[in-house]
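Engineer: What follows is a predicted structure for the sequence shown.
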Amino acid sequence: MDNNITCVKKSCFGCGLCFNKCPYEAIKLNEDIEGFLYPEVLSNKCKECGVCISICPAINKTEIDEENYKKKCYMGLSKDNQIYMNSASGGFATILSKYIIESENGIVYGCNLDEIGKVRHIRVNKLEDLNKLQDSKYVQSQIFDIFNSLKEDLKHNKVLFIGTPCQVDAIKKSLNKNEINNLYTIDLICHGVPSPGFFRKYIQFLSSKYREKIKKYRFRNKVNFDKCGFISRIDTENRKRMVFTDDDIYYRDFLEGKNYRLSCYECKYKNEIRVGDFTIGDVASWENYYDFYPEKTSSLIIINNSKAYTLFNRMKNNILYREISFEKEKKLNIALSQKNRIPEEREKIYEKYNELEFYENEVLKEVKFKLKIKNILKRIIPFKIRIRVKKLIRKMKKNE
Ligand SMILES: Cc1cc2nc3c(=O)[nH]c(=O)nc-3n(C[C@H](O)[C@H](O)[C@H](O)COP(=O)(O)OP(=O)(O)OC[C@H]3O[C@@H](n4cnc5c(N)ncnc54)[C@H](O)[C@@H]3O)c2cc1C
């Protein structure tokens, strides 16, 4: 085996820790043809010292606290309605971030999507900037340029890092044990991430399609016709568009698992043993808990260790919450425990994206008439009414 990182390209998740730690600046990060970041070893500079291999989270075992802790699992909602409305689900990530900044004088690192479609982690230490992190961005976020500042912050402050499990692992691998004492982590339940390079290209494509600059793209939106708000909102200078995922080719391919990074199909973190102190996501087992705001989208909150439980107890007054069964959730929330099978379409999908206009026409032609009607009906009948009808049917069945 070579004593540098080149040999592991296929399983690499592109965190860039090797690039950051190489003592000889012998690693470059390049976007590959699909727009994902991969390391390249510069043979003229590499001394084969092996540092890149020793820290790589893809190669090395993930260290989990060995503490014997029985997970706690909740569904939760922000009490602050504005936070709830701007968040992906119940807003737990934002409420915890707010608590860390406000009450612990801490710093938060999370994912931001800017106007040109660039998705990267940023440092936030002011409450008014927390909205930059809200919402799920279904794109791989860049983290290679935050390792040093996060390490520096930990010398004087508590830090909260929120990201996908592979990112949390990379962050923890960049630190020593003492530094980790001051760090809190949230790992997201994640079924996979599409290419950041392609997403930027997609935003340009939308700009030329609408003949206007895209001001904002949001993946999750609180609307009265869809409980989880899986609908994109695309704002240009003069219009705000709500686009069903069937009509948004990027989003549609994401939900169907066709355009993930190759390493996502082999993800070692899709496991109930979690790398973060907290794990969050969307509650999949919500139909078991009609007593808890069924018309709202709750965050799933899993407490993985006593460090997280202590923090949760300090901040829980800021949320509405209810304990739920981890076992029931695990059965329904597929990305919590099962790997995605690599679909056949994955092989050619990024080639198809080279001809975006043609590809979009092809895909949209296929959107079935039945689906279109379903979407129209969805828009007409508010979700709250459908929930009430469901609730009533359940009650009637119970009384039979
Ligand atoms: C790529 C991806 C796939 C997901 N897949 C699932 C799934 O299969 N099942 C499930 O239950 N939940 C999934 N989630 C989680 C879910 O979409 C919500 O992010 C989660 O419920 C948190 O909601 P919230 O209201 O607490 O977050 P908000 O208060 O809206 O805050 C969002 C937080 O997520 C972080 N974040 C957003 N996008 C990214 C990103 N691309 N990379 C790293 N961090 C990011 C931000 O830093 C922010 O802190 C996924 C999230 C992502 C980003």
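Structural biologist: Here it is on my side, so go on.

Engineer: what about I27, distance to L311?
Structural biologist: 35 Å (CB to CB, to the nearest Å). C-betas here are computed from N, CA, C, even on glycine.

Engineer: Looking at these two, which one has more neighbours?
Structural biologist: I27 (23 against 20; other CB atoms under 10 Å).

Engineer: give me every residue that touches the residue nearest to N148 when sequence neighbours are not counted.
Structural biologist: Using CB to CB, 6 or more residues apart in numbering and skipping the chain neighbours, the partner closest in space to N148 is N20 (7.1 Å). Neighbour list for N20: 144, 147-148, 174 [criterion: CB atoms under 8 Å, 6 or more residues apart in numbering].

Engineer: Can you say which of the residues you listed are buried?
Structural biologist: For the contacts of N20, a burial check counting by 16 or more other CB atoms under 10 Å picks out 144, 147, 174.

Engineer: Closest one to I5 out of those, please.
Structural biologist: F144 (13.2 Å; CB to CB).

Engineer: and the residue nearest to that closest one when sequence neighbours are not counted, what does it touch?
Structural biologist: Counting by CB to CB, 6+ apart, G16 is the residue found nearest to F144 once chain neighbours are left out, at 2.5 Å. Residues near G16 by CB under 8 Å, 6+ apart: 29, 37, 39, 142-145, 147, 170.

Engineer: could I get these as a markdown table with distance to the ligand, secondary structure and pLDDT?
Structural biologist: Output for the contacts of G16, formatted as a markdown table (distance: CB to the nearest ligand atom, whole Å; DSSP: H, G, I helix; E, B strand; the rest coil; pLDDT from 0 to 100):
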| residue | distance to the ligand | secondary structure | pLDDT |
| --- | --- | --- | --- |
| L29 | 17 | strand | 96 |
| L37 | 14 | strand | 96 |
| P39 | 19 | strand | 95 |
| Q142 | 10 | strand | 98 |
| I143 | 8 | coil | 98 |
| F144 | 14 | coil | 98 |
| D145 | 15 | coil | 97 |
| F147 | 15 | helix | 98 |
| A170 | 12 | helix | 98 |
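
Engineer: Derive a ChimeraX selection command for the buried subset of those.
Structural biologist: Burial among these is assessed by 16+ other CB under 10 Å; the matching ChimeraX selection reads:
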select :29,37,39,142,143,144,147,170
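
Engineer: From the ligand, how far out is L332?
Structural biologist: Shown here: L332 relative to the ligand, a distance of 10 Å by CB to the nearest ligand atom, to the nearest Å.

Engineer: ignore the last one, F199
Structural biologist: F199 is 10 Å from the ligand, by CB to the nearest ligand atom.

Engineer: can you confirm that residue is in a strand?
Structural biologist: No. Going by DSSP: H, G, I helix; E, B strand; the rest coil, the assignment for F199 is helix, not a strand.

Engineer: mind checking pLDDT for it?
Structural biologist: pLDDT, F199: 98.

Engineer: residues contacting V124?
Structural biologist: 97, 101, 107-110, 130, 132-133.

Engineer: hmm, who's touching the lowest-mean-pLDDT helix or strand in the chain?
Structural biologist: When each helix and strand of the chain is scored by mean pLDDT, DSSP states H and E, helix 369-380 comes last, with a mean of 72. Identification of contacts with helix 369-380 by CB under 8 Å, 6+ apart yields 225-226, 244, 246.

Engineer: among the residues you listed, which two are most distant?
Structural biologist: F225 and D246 (14.0 Å).

Engineer: domain parsing for the protein?
Structural biologist: What automatic domain parsing lists as the domains of the chain is 5-55, 63-367.

Engineer: Verify the stated contact: M242 with G229.
Structural biologist: No. Using CB atoms under 8 Å, M242 is not in contact with G229, being 10.0 Å away.

Engineer: Contacts only, for the residue of the stretch 251-400 of the chain found nearest the ligand.
Structural biologist: Per CB to the nearest ligand atom, G281 is where the stretch 251-400 of the chain lies closest to the ligand, at 2.6 Å. Neighbour list for G281: 89, 188-189, 299-300, 333, 335-336 [criterion: CB under 8 Å, 6+ apart].

Engineer: can you dump the C-alpha coordinates of the helix or strand it falls within into CSV?
Structural biologist: Using DSSP states H and E, G281 falls within strand 278-282. Written as CSV, here are the backbone C-alpha positions of strand 278-282 (Å, rounded to 0.1, in the frame of the first residue of the first chain):
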residue,chain,number,x,y,z
PHE,A,278,-27.0,14.4,19.4
THR,A,279,-28.5,12.9,16.3
ILE,A,280,-31.4,14.9,14.6
GLY,A,281,-33.7,14.4,11.7
ASP,A,282,-37.4,14.3,10.7
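
Engineer: Please enumerate the strands of the stretch 251-400 of the chain.
Structural biologist: Remark: strands assigned in the stretch 251-400 of the chain by DSSP state E, counting those that start in this stretch are 278-282, 299-303, 319-323.

Engineer: what's the most buried one of those?
Structural biologist: Counting by mean count of other CB atoms under 10 Å, strand 299-303 has the highest mean neighbour count of these, with a mean of 25.
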